Each structure stands twice: as C-alpha cells, then as structure tokens.
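1. what follows is a predicted structure for the sequence shown.
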Amino acid sequence: MVEDPAGRAFRRHYAQVFRYLRRRTESDEEAEDLAQAVFADAAEQLAHLRPGPPPVLAWLYTVAQRRLADRGRRAVRRPETIAPLEALRTEAVDEQTYGRAVADALRQAIAGLPPGQRQVVVMKLLEGRPFAEIARRVGASEAACKMRFARGLEALRTDLERRGVEP
C-alpha cells in the first residue's frame, strides 16, 4: 500500500511544526488550531509538490509562517470581542446571593485565564453565546472553542478551590 504524502508529512513533522507554532502563539490551543490548518493545506498541496527541493519540512514551516501572518492580520482587523473584566456585568454571579467575596474571586479567576480561554469562557458563561457564534468570533473551530471552554472551566474550578470558594 502506498502512503499518501500528507499522511507521511503529518507523522514525520507534526511535532516540529507544532513546537514552531507554539513558540509564536499564546496557547497550546491556538498552536493546535494553526497546526491543523497547516496540515489541512498540506493535504491539498503535497500531492502537487514536486519531489526535490525544497524539503517538505521547510515547505511546512513556510505554510505555518503564512498562517501566523494571516492570524496576525485577522487580529488587527477584528475588534476585541470581550470587554475588560472591570466592565463586565456579572449577573451570573449574584453578589447578594453569593456575597461580594465570591464575585470578586470569580472575577480574579477569570482574569487569570489565558486570553483564548478567557474569551471563550466569558462569551459562553456570561454572554450566553452558542459555540458556533463563539467560533466565528474568535476565528477557531467549534471543537477548539469547546476544548478551550472545558479547559477554562477546569482552571476556574481549580483556582476557586485554591481560594477556598466552592464552585
């Protein structure tokens, strides 16, 4: 059985491309999303790439670099979709029911999340947006947003427990 060029490139070079992207992004999730996009491009283009120079890994780095540039351009054009934490209305945390200390602890825990997780958690929990809309706004897949949300909730739970607040 003949192995397809994209599958071979993925197995041989995914870790290197991911590390390259991770050093240039704010989170594992963002690097995973970009690496996925790089290898999706590879699946389309490697069949047409002529053997010989440039080596596949060098070509993958070039695609990764272009994806990073695209992400940077989108970030400049796209206005920030979440308000500063001080400006958030947190009706989800009723200070009269739970107390000011719990509301403050939750605000601090949310502020401590990595930016990608914080953005998804705020849009889902506090703004009540569906994952499809969140994915469009942050420029990621729904699956990536769900993963960021799950990781963000786990981080919030851990932070709140550390502060002595029962979630």
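-> Done, it's in. Residues are numbered from 1 along each chain as shown.

2. need the next SSE after the helix or strand of the chain with the lowest mean pLDDT, C-terminal direction.
-> Of all the helices and strands that make up the chain, helix 95-98 has the lowest average by mean pLDDT, DSSP states H and E, namely a mean of 54. Note on helix 95-98: by DSSP states H and E, the next helix or strand toward the C-terminus is helix 100-111.

3. where does pLDDT dip in this protein?
-> By pLDDT under 70, the low-scoring segments of the chain are 1-3, 5-6, 46-54, 75-98, 167.

4. again, only using 80
-> For the chain, the stretches with pLDDT under 80 are 1-9, 42-54, 72-103, 165-167.

5. domain map for it?
-> 5-77, 85-162 (automatic domain parsing).

6. got TSV for these, with mean neighbour count too?
-> Glycine gets a C-beta too; all of them are placed from N, C-alpha and C. Shown next, in TSV, are those (neighbours: other C-beta atoms under 10 Å):
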stretch	mean neighbour count
domain 5-77	15
domain 85-162	16
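
7. quick one, strands of this protein?
-> Taking DSSP state E, the chain contains no strands at all.

8. show me where this structure has helices.
-> Taking DSSP state H as the test, the helices found in the chain are 5-22, 28-45, 56-77, 95-98, 100-111, 115-121, 131-138, 142-162.

9. got the angle for the second one vs helix 5-22?
-> Which is helix 28-45. Per axes from the mean of the first three to the mean of the last three C-alpha atoms, to 10 degrees, the angle that helix 28-45 makes with helix 5-22 is 150 degrees.

10. then helix 28-45 to PDB, C-alphas only?
-> What follows is the C-alpha trace of helix 28-45 in PDB, where atoms were taken according to Å, rounded to 0.1, in the frame of the first residue of the first chain:
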ATOM      1  CA  ASP A  28      -1.400  25.300  23.100                       C
ATOM      2  CA  GLU A  29      -5.000  25.600  21.700                       C
ATOM      3  CA  GLU A  30      -4.000  28.300  19.300                       C
ATOM      4  CA  ALA A  31      -0.900  26.400  18.200                       C
ATOM      5  CA  GLU A  32      -3.100  23.300  17.700                       C
ATOM      6  CA  ASP A  33      -5.600  25.200  15.600                       C
ATOM      7  CA  LEU A  34      -2.800  26.600  13.400                       C
ATOM      8  CA  ALA A  35      -1.000  23.300  13.000                       C
ATOM      9  CA  GLN A  36      -4.300  21.700  12.000                       C
ATOM     10  CA  ALA A  37      -4.700  24.400   9.300                       C
ATOM     11  CA  VAL A  38      -1.100  23.900   8.100                       C
ATOM     12  CA  PHE A  39      -1.700  20.100   7.600                       C
ATOM     13  CA  ALA A  40      -5.100  20.700   6.000                       C
ATOM     14  CA  ASP A  41      -3.200  22.900   3.500                       C
ATOM     15  CA  ALA A  42      -0.600  20.200   3.200                       C
ATOM     16  CA  ALA A  43      -3.200  17.500   2.400                       C
ATOM     17  CA  GLU A  44      -4.400  19.600  -0.500                       C
ATOM     18  CA  GLN A  45      -1.000  20.700  -1.800                       C
END
